[in-house]
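J.: I'd like to go over a predicted model; first the sequence, then the structure.
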Amino acid sequence: MRKQYDFSKAKRGPVVKAPKGKTRITIRLDGDLLDWFKEQANAAGGGNYQSMINDALKEFVASRNEPLEEVVRRVVREELRKSGDHKRRRAA
């Protein structure tokens, strides 16, 4: 490493700008929550845990605007699908 660097033409700010539509922020999350997202990204063969957090937040916000009838229908479909998978495994 050099003993002295010239920063006279340096600019402040991030080296990589955030993509359009994205905003760089600092957020504090519980360690166990962050670990879970990192584990999920790793289990999926890599990827961006930050994008996974973003997607989870979007899904949560969308579900808050979803009419109760739609929520019930979605949950029933998911449970029926799980039940069908369970029955197929038992038959095998």
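T.: Happy to help now that I have it.
J.: show me the contacts for the residue most central in space within the chain.
T.: Geometric centre of the chain, nearest residue: M52, 1.5 Å, by CA atoms, centre = their mean. Neighbour list for M52: 37, 40-41 [criterion: CB atoms under 8 Å, 6 or more residues apart in numbering]. Yep, even glycine has a C-beta here, placed from its N, CA and C like the rest.
J.: please identify the helix or strand for it.
T.: helix 49-65 (DSSP states H and E).
J.: how distant is that helix from the center of its chain?
T.: 7 Å (CA atoms, centre = their mean, to the nearest Å).
J.: mind listing the helices for the chain?
T.: 31-43, 49-65, 68-91 (DSSP state H).
J.: average pLDDT for the second one?
T.: Think helix 49-65. The pLDDT scores in helix 49-65 average 91.
J.: what are the buried residues along it?
T.: 49, 52-53 (16 or more other CB atoms under 10 Å).
J.: got the end-to-end distance for stretch 21-32?
T.: 28 Å (CA to CA, to the nearest Å).
J.: likewise stretch 13-28?
T.: With CA to CA, one end of stretch 13-28 sits 21 Å from the other.
J.: residues in contact with that stretch?
T.: Residues contacting stretch 13-28 (CB under 8 Å, 6+ apart): none.
J.: now that stretch, how far from the centre of its chain.
T.: With CA atoms, centre = their mean, you get 16 Å for stretch 13-28.
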